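In: when you get a sec, could you give me coordinates for this:
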Amino acid sequence: MSGVPQIKIKESVKELKELMKKQKTGIGFAKVQTLYLFKIKAVETVRHLAVLVGRGESTIHRWLKVYRERGIKSLLKEEEAEETLLGQLGRTEIINVDTAAAIQQELKEKEGFSSYREVQQWLEIVKGIKIHYISVWRICRYEFQAKLKIPRPQSNKQAQGELDKFKLKLSDKLMELVLRIKSKMGKTQNIRYWCGDETRLGLQTIGRKKLTLKGVKPCGEKQWKFDYYYLYGLVEPKTGETFYYEFSHLNTQCFALFLELFSQNYSEEIQILQLDNAASHTTKNLVVPDNIILLFQPPYTPEVNPIERLWEHLKSFLKWRNFENLDKLRDAVSQILAKFNKDIIQSLTGWDFILNALSLSGI
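Out: Okay, here's the model as predicted:
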């Protein structure tokens, strides 16, 4: 019902504009507006048009059929009877192009809305536009493909603007480091950039959403076992290369050993590691190998570290799986990680702001 109609509008754009001005009923205006929008090619599909004029797709198809077979006079002949019927049943208001653009612009913001009802309330309170709920739902869900998603939690301690500042200034920071390294160790020194973090993996079941029919509440078997271990990891966004190691604790001693193992495996280059501000990363007691430089992201900004996405992807393969003990969990994690080739890793972690900064700094 939502395809591209094969119809030729005989009236000119000027004639249709004049006809819209002459209409005394909303439904008459909507019928002429339908022809006008197709005439100027402002819309291509009936679905798009139905959202803009606030009518159902079947209604639009019926109007176009009448116009195609009997012309515009027949199309407008019974608008008064239709308007009376719609007035009795209730109908949605027309969403014009400007209103649709305002909704689309607001949906681009990361803060988002908590519901389609909130979009409707925002339009009424902020924009002074009162629109029926079903019209708001249809344009958000079907025209803009906007649906409710689980947001990434953002710390209320995150300093305003620090996240964007880090992204913008990363290339400058890397240029400074590169110049310092080259001046001390020579221009031929190879430099690599990694992003690191730790994640806890345990026997408590990881729950995620399930898809069921409307009215069917999904269920999942969950166990409450609190044994766990930590997986320390580094990922190179440029290549998709990774380095992992398991530890029983999250502390300075384990992190120092992790750095030492990494340094031994990658001893030929200078390694720049982007990390968060965890105590085990920033303590003065931490011994950092000579070929490793630590670069700290702003506090409370996991959003700028792409390895977080790798951890999320890993855990998606563990959802609703229950393991008897940590050894079986370790085996499963190892098998999953073995399937993550460099192309997969790079697609998950090769974020534009990092790759652009690496390119500008010559890393």
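In: quick one: residue 354 from residue 235, how far?
Out: Look at residue 354 and residue 235: by CB to CB, to the nearest Å, they are 11 Å apart. For every residue, glycine as well, the C-beta is placed using N, CA and C.
In: my bad, should have said residue 256
Out: Separation of residue 256 from residue 235 (CB to CB): 20 Å.
In: circling back to that earlier point, overlap of the contact sets of residue 354 and residue 235?
Out: Residues touching both residue 354 and residue 235 (CB atoms under 8 Å, 6 or more residues apart in numbering) are 195, 306.
In: higher neighbour count, those two?
Out: residue 235 (28 against 22; other CB atoms under 10 Å).
In: part of a helix, is that one?
Out: No. Going by DSSP: H, G, I helix; E, B strand; the rest coil, the assignment for residue 235 is strand, not a helix.
In: quick one, what contacts residue 242?
Out: Contacts of residue 242 by CB under 8 Å, 6+ apart are 233-236, 310, 337, 340, 345.
In: let's see it at 10 Å
Out: 194, 233-236, 307, 310, 337, 340, 342, 345, 349 (CB atoms under 10 Å, 6 or more residues apart in numbering).
In: and it, what are its phi and psi?
Out: phi -130, psi 160 (degrees, to the nearest 10).
In: and it, how far from residue 100?
Out: To residue 100, residue 242 is 44 Å away according to CB to CB.
In: what is the burial count for residue 296?
Out: 14.
In: where does it fall, phi/psi-wise?
Out: Torsion angles, degrees, to the nearest 10, at residue 296: phi -100, psi 130.
In: distance check, it against residue 288.
Out: According to CB to CB, residue 296 and residue 288 sit 12 Å apart.
In: so what touches the longest helix seen in the chain?
Out: In the chain, taking DSSP state H as the definition, the longest helix is helix 162-185. By CB under 10 Å, 6+ apart, the list of residues contacting helix 162-185 from outside reads 154, 159, 161, 187-191, 193, 270, 272, 274, 291, 293, 295-304, 351-354, 356-363.
In: please indicate which of these are buried?
Out: Buried members of these, counted by 16 or more other CB atoms under 10 Å: 191, 193, 270, 272, 274, 291, 293, 297-298, 300-304, 351, 353-354, 357-358, 361, 363.
In: and after the lowest-mean-pLDDT helix or strand in the chain, which helix or strand comes next?
Out: The helix or strand of the chain with the lowest confidence, counting by mean pLDDT, DSSP states H and E, is helix 79-89 at a mean of 47. Scanning forward in sequence from helix 79-89 by DSSP states H and E, the next helix or strand is helix 97-107.
In: pull out the buried positions in that following helix.
Out: Quick answer for helix 97-107 (16+ other CB under 10 Å): 99-100, 102-103, 106.
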